[in-house]
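>>> pasting the sequence and the predicted coordinates here, then a few questions.
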There are 2 protein chains.
Amino acid sequence: MYFDSMTPFNKPWGGLMTSNGELNIPDIPEISGTTTQEYVYERLRNAIMLGAIEPGTSLTMRGLADCLGLSPTPVREAVRRLSSEHAIQIKDNRRMTVPLMTLDRFEELVALRVAIEVHTAKRALPYMSDVIIEKMTEMDDRMDGLISEKDLDQLTLLNQDFHRTLYTVNPAQASMPIIESIWLQLGPFQRQVLTRVTEYYEIDRHKEILAALTTRDAIALEDAITNDISDGVLRSGRNLLAVTEAA
Amino acid sequence: MYFDSMTPFNKPWGGLMTSNGELNIPDIPEISGTTTQEYVYERLRNAIMLGAIEPGTSLTMRGLADCLGLSPTPVREAVRRLSSEHAIQIKDNRRMTVPLMTLDRFEELVALRVAIEVHTAKRALPYMSDVIIEKMTEMDDRMDGLISEKDLDQLTLLNQDFHRTLYTVNPAQASMPIIESIWLQLGPFQRQVLTRVTEYYEIDRHKEILAALTTRDAIALEDAITNDISDGVLRSGRNLLAVTEAA
DNA sequence: TTTATAAAATTGTGATATCATTTTCTGAAT
DNA sequence: ATTCAGAAAATGATATCACAATTTTATAAA
């Protein structure tokens, strides 16, 4: 069984479920030349980021292993990595979950995201080139298309690519792994928010970011990044959490 | 053999070394009720932070396992966690090392440390209490003693406690794990610097931090933290790296 | 229906076995 | 001394096994 046996399931057809059902971990292309452990890590990470694993659902190591058709060993390593990135919470009752968001934690994570990404963007600015700006502009154009198609998965991924492209023009940059870790902690909840919101990106802050990059204006860049992150889901997230935590 | 067989060792007494020699991983008190994997993680982390594993020394999973008298399984999990925190670099030739510092990376890490710690300190300020300030003052006093005794290990650890105490007064804080991760990346090199420097902490910036906390002055706190981090090892580190990289 | 208790199943953990690679060692030829 | 091939040893990765601890289910009593 791939799922937690704690979860009650009295299905009309009876019998045990085999390998698809409540928990559906989206497959990802298997990168050749990599280890199983790495594959599991990437796949679970992707599933968490895209909200395919509902926060609060309890999981087990062996359950995941069975679900993926693997032995517990590589799953354990992948899970432990995700756990040290706070993407998975290992509880003391032999269960683990994608942590539920709280209002306090949300505010902290968003503020931290702003602080680190602004800092990283500023340090990237001296390395910015017209070629990269062009590349980022293309990304932004593609995102406009994805918004109208309401393809949330690709939108999330491409939005990350956009930011990552900016930050990594600084070749010595050391903050990208940290930023990715924060994205991962915010991801599951952002997805919950996005599915409840109709208008995304009322004001396109990416255009502001691109403008600031073009003029090499650090102050404008700081504002643009701050606004992009804040406008994105901050307000909606606050609302959702305010309602949720009141109940 | 606990060490990399790549390392040549023609010892006069010949024969294989058993379990003490070049690589000496300081023991730590075994916390009861915890797993072997966690113990290995803490012990390796401590060893890296305190510079007991010389950066660049090549290690193997099995070597470490033998050294610690354990099977490879828990060692692998601990090593992978450290690897995802960039405390250990897993190379493609089946070896791993504590990464050597470069000037560029050093500058990035220190700047990042300043940015995150300033941000975290500011958000902690509203939660600051006289009791905590008193506790931090005592820590600072103890550090003065350790400086005169030149006890670098305890000094490093207590300095971290000092900062950690400040940042964690904010109960919802989410940045502590990130700060710890940066400390860990800086740790081995800081130790190399400290052993080559005679005067530590010419100006005691901790006193400035405590003053800013007492007056609840965010601007002064920002300056004090920035100066504390910058004065600590930044200048010496730059010098050491400038010389090293020229060669 | 609820509660207490015993039995059964499941779990996390860590050691071990196995396998394909990779590295290191050996020794001859240059 | 160097170089280079082949043999031998060591390594990382994963599956499997064993075991204690915990949870879940089954059973019986109130």
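Now that the structure is in, tell me what you want to look at.
>>> rounded mean pLDDT for stretch A:213-232, please.
Stretch A:213-232 shows a mean pLDDT of 95.
>>> these two touch, right, A:A172 and B:L109?
No: at 9.5 Å, A:A172 does not count as touching B:L109 under the criterion of CB atoms under 8 Å. Quick note: C-beta positions are derived from backbone N, CA and C, even for glycine.
>>> the two - which one has more neighbours?
Between A:A172 and B:L109, B:L109 has the larger neighbour count (other CB atoms under 10 Å in any protein chain shown), namely 21 against 14.
>>> next one: that one from B:F189, what distance?
9 Å (CB to CB, to the nearest Å).
>>> so what does the helix or strand hosting A:L109 touch, helix or strand wise?
Using DSSP states H and E, A:L109 falls within helix A:103-124. Using 3 or more CB pairs under 8 Å, 6 or more residues apart in numbering or on different chains; DSSP states H and E, the elements in contact with helix A:103-124 are helix A:152-167, helix A:176-194, helix A:218-229, helix A:235-246, helix B:103-124.
>>> now do the same for the residue nearest to A:A124 when sequence neighbours are not counted: helix, strand or coil?
Counting by CB to CB, 6 or more residues apart in numbering or on different chains, A:N170 is the residue found nearest to A:A124 once chain neighbours are left out, at 4.4 Å. Going by DSSP: H, G, I helix; E, B strand; the rest coil, the secondary structure assigned to A:N170 is coil.
>>> dump the residue contacts of A:N170.
A:120, A:123-124, A:126-127, B:108 (CB atoms under 8 Å, 6 or more residues apart in numbering or on different chains).
>>> if you rank these by neighbours, which is first?
Those, ranked by neighbours (other CB under 10 Å): first place A:T120, 26 neighbours.
>>> nearest to DNA strand C, out of the helices and strands packed on helix A:103-124?
Nearest to DNA strand C among the helices and strands packed on helix A:103-124 is helix A:176-194; the distance by CB to the nearest atom of the strand comes to 19.6 Å.
>>> for whatever helix or strand comes next after the closest one, buried residues please.
Using DSSP H and E, the helix or strand that follows helix A:176-194 in sequence is helix A:205-214. By neighbour count with 16 or more other CB atoms under 10 Å in any protein chain shown, helix A:205-214 contains the buried residues A:205-206, A:208-210, A:212-213.
>>> isn't A:I25 right next to A:R45, touching?
No: the pair A:I25 / A:R45 is not scored as a contact, 10.7 Å apart, by CB under 8 Å.
>>> spell out which residues sit in contact with A:H119, please.
A:175, B:111-112, B:115.
>>> then A:T36?
Here A:T36 is in contact with A:70, A:74 (criterion: CB under 8 Å, 6+ apart).
>>> repeat that for 6 Å
A:P74 (CB atoms under 6 Å, 6 or more residues apart in numbering or on different chains).
>>> before we move on, the earlier item: quick one: closest of the helices and strands packed on helix A:103-124 to DNA strand D.
Of all those, helix A:176-194 comes closest under CB to the nearest atom of the strand, at 18.8 Å.
>>> what's the angle between the closest one and helix A:103-124?
130 degrees (axes from the mean of the first three to the mean of the last three CA atoms, to 10 degrees).
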